[in-house]
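Trainee: using only what follows, build the 3D model:
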Amino acid sequence: MKSKRYFNTTGFCMPDTHYMIDPLRNQKIIFDLIEKKQYFTIHAPRQTGKTTLLHELAHRLNKEGKYVSVVFSVESAGYRSITEETANSKIIDSLYRNAKNFLLKEYYPPLPETYKNKLTLENYLSDWAEKMEKPIVLLLDEIDSLYDDVLVSVLRQLRNGFQIRPKRFPSTVALVGLRDVREYKTKVRPSEASLGSGSPFNIKAESILLGTFTKEDITELYSQHTKDTGQIFSKEVVDRIYELTGGQPWLVNAVANEIVEKILKSDYTKKITLAHAEEAKENLIARRDTHLDSLLDKLKEPRVKNIVSAIINGDSLVYDNFNDDLRYVIDLGIIRKEKYDIIFSNEIYREIIPRVL
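Mentor: Alright, predicted model coming up:
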């Protein structure tokens, strides 16, 4: 019998289609911040489940009925030549379109076309909040795709609204991206400290870094496949996959998917062995799937290349919280701190990065 669920390697996870573990399982902090009407940031490397977490969070908040919550991306305004006015209208447009996926009609934000005058995000959010009985929780994805003045403008508008929440502005705003807010200053003309200590988003209460899977998480994820199909990932196979992937969620799913569907061709009577895990690793590296490609793309950035080259050359790197380049490459999920050393996040990266450089 073919399982109706599978290991997902594209887009965000959906419980009825994919094997997945609850992305909010250890995120009490997020619910606390929402309750306290705080603004905060969530950052994590690509394909670690940010969007899955956001969708799950918004649906859960809406279902519980205490809040009105929407996830939307600002990526459509993420190019250098865009004017602030065009950016505002693209962002508002994205919010309105996405609201339809999350809310009942009575909670929709205002129809953008009904505005005659120039519309800012700040005014639009303010109008929406005034119309709502319930507090609004806004989950704003891909924030670090914005550049320069547009980024500063969006952050300033949110900061202005912060003073008048929750009656006349969203009660909680979460900014979600690859990097922490302190990193945004590098996207605003580096010569200017326009996003330094006087950051337009200095109202954030907390910065949450999404972690990788633990061995227990991987065991729980793989046991869903066993429950559906009877095919077992033994403890030694799970341990090996953990070493290969470092718990990076996309890799954890990709290795399992490679073994189950490609190597064993969905024949659930076959035993999964350590040799299959090694073969899956080699296949992923040889194919350079999208995840690995986007990782390798980052190696073109000088600040990433310098850190990575130092590790390959065996130079000892000491973890330093004030070294922005080091923090940045850790935030991207390429390297991690182990005791006193800085090492590649997992065996797959350790093999593929030197080959490419």
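
Trainee: hey, where'd the strands end up in this protein?
Mentor: 40-43, 68-73, 136-141, 172-177, 206-209, 335-338, 341-344 (DSSP state E).

Trainee: mind checking how far H55 is from T212?
Mentor: Taking Cβ to Cβ, to the nearest Å as the measure, H55 falls 20 Å from T212. In short, each C-beta sits where N, CA and C put it, glycine included.

Trainee: which of those two has more neighbours?
Mentor: The neighbour count for H55 versus T212, taken as other Cβ atoms under 10 Å, is higher for T212 (22 against 19).

Trainee: longest single helix anywhere in the chain?
Mentor: helix 84-102 (DSSP state H).

Trainee: counting by contacts, list what that helix packs against.
Mentor: Here helix 84-102 touches helix 50-64, strand 68-73, helix 121-131, helix 148-162, going by 3 or more Cβ pairs under 8 Å, 6 or more residues apart in numbering; DSSP states H and E.

Trainee: again, only using 10 Å
Mentor: When contacts are defined as 3 or more Cβ pairs under 10 Å, 6 or more residues apart in numbering; DSSP states H and E, helix 84-102 sits against helix 50-64, strand 68-73, helix 121-131, strand 136-141, helix 148-162.

Trainee: just to revisit the earlier point, redo the strands of the chain as JSON lines? Include distance to N321.
Mentor: As requested, the strands of the chain are exported to JSON lines (distance: least, Cβ to Cβ, whole Å):
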{"stretch": "strand 40-43", "distance to N321": "16"}
{"stretch": "strand 68-73", "distance to N321": "30"}
{"stretch": "strand 136-141", "distance to N321": "27"}
{"stretch": "strand 172-177", "distance to N321": "20"}
{"stretch": "strand 206-209", "distance to N321": "13"}
{"stretch": "strand 335-338", "distance to N321": "10"}
{"stretch": "strand 341-344", "distance to N321": "13"}
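
Trainee: and these: which comes nearest N313?
Mentor: Distance to N313, taken as Cβ to Cβ, is lowest for strand 341-344 among the strands of the chain, at 12.7 Å.

Trainee: list the buried residues for the closest one?
Mentor: Neighbour counts using 16 or more other Cβ atoms under 10 Å place I342, F344 of strand 341-344 among the buried residues.

Trainee: roughly how far does the spatially most central residue of the chain sit from R179?
Mentor: Centroid-nearest residue in the chain: K50, 3.0 Å away (criterion: Cα atoms, centre = their mean). Separation of K50 from R179 (Cβ to Cβ) stands at 12 Å.

Trainee: spit out the residues that contact those two alike.
Mentor: Contact criterion Cβ atoms under 10 Å, 6 or more residues apart in numbering; residues shared by K50 and R179: H43, A44.

Trainee: sorry, back to before: may I see the buried residues of the longest helix of the chain?
Mentor: Residues of helix 84-102 classed as buried: 84, 87-92, 94-96, 98-99, 102 (neighbour count, 16+ other Cβ under 10 Å).

Trainee: ok, now stretch 257-264?
Mentor: So for stretch 257-264, counting by 16+ other Cβ under 10 Å, buried means N257, E258, I259, V260, I263, L264.

Trainee: same check on stretch 281-293?
Mentor: So stretch 281-293, judged by 16+ other Cβ under 10 Å, has buried residues K281, N283, L284, D289, H291, L292.

Trainee: now those as a markdown table including distance to L33?
Mentor: Formatted as a markdown table, the buried residues of stretch 281-293 follow (distance: Cβ to Cβ, whole Å):
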| residue | distance to L33 |
| --- | --- |
| K281 | 38 |
| N283 | 41 |
| L284 | 36 |
| D289 | 34 |
| H291 | 29 |
| L292 | 34 |
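
Trainee: out of the residues you listed, who's nearest Y39?
Mentor: Of all the buried residues of stretch 281-293, H291 has the smallest distance to Y39: 30.2 Å, by Cβ to Cβ.

Trainee: ok, now which ones touch the closest one?
Mentor: So H291 contacts 9-10, 45-47, 248-251, 253-254, 284, 348 (Cβ under 10 Å, 6+ apart).

Trainee: closest one of those residues to K337?
Mentor: Of these, the one sitting nearest to K337 (Cβ to Cβ) turns out to be P45, at 14.6 Å.

Trainee: coming back round to it: and the helices and strands packed on helix 84-102 as CSV, adding distance to V173?
Mentor: What follows is those, written out as CSV (distance: least, Cβ to Cβ, whole Å):
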stretch, distance to V173
helix 50-64, 12
strand 68-73, 11
helix 121-131, 9
strand 136-141, 5
helix 148-162, 6
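
Trainee: any chance of these in JSON lines, plus mean pLDDT and distance to I218?
Mentor: Shown next, in JSON lines, are these (pLDDT from 0 to 100; distance: least, Cβ to Cβ, whole Å):
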{"stretch": "helix 50-64", "mean pLDDT": "95", "distance to I218": "16"}
{"stretch": "strand 68-73", "mean pLDDT": "98", "distance to I218": "26"}
{"stretch": "helix 121-131", "mean pLDDT": "97", "distance to I218": "40"}
{"stretch": "strand 136-141", "mean pLDDT": "97", "distance to I218": "26"}
{"stretch": "helix 148-162", "mean pLDDT": "91", "distance to I218": "36"}
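
Trainee: I29: which of these is closest?
Mentor: When those are compared by Cβ to Cβ, helix 50-64 sits nearest I29, at 12.1 Å.

Trainee: low-confidence ranges in this protein?
Mentor: Scanning the chain for pLDDT under 70 picks out 1-2, 181-201.

Trainee: H18 contacts P249, correct?
Mentor: No: here H18 does not reach P249: they are 11.5 Å apart, not a contact under Cβ atoms under 10 Å.
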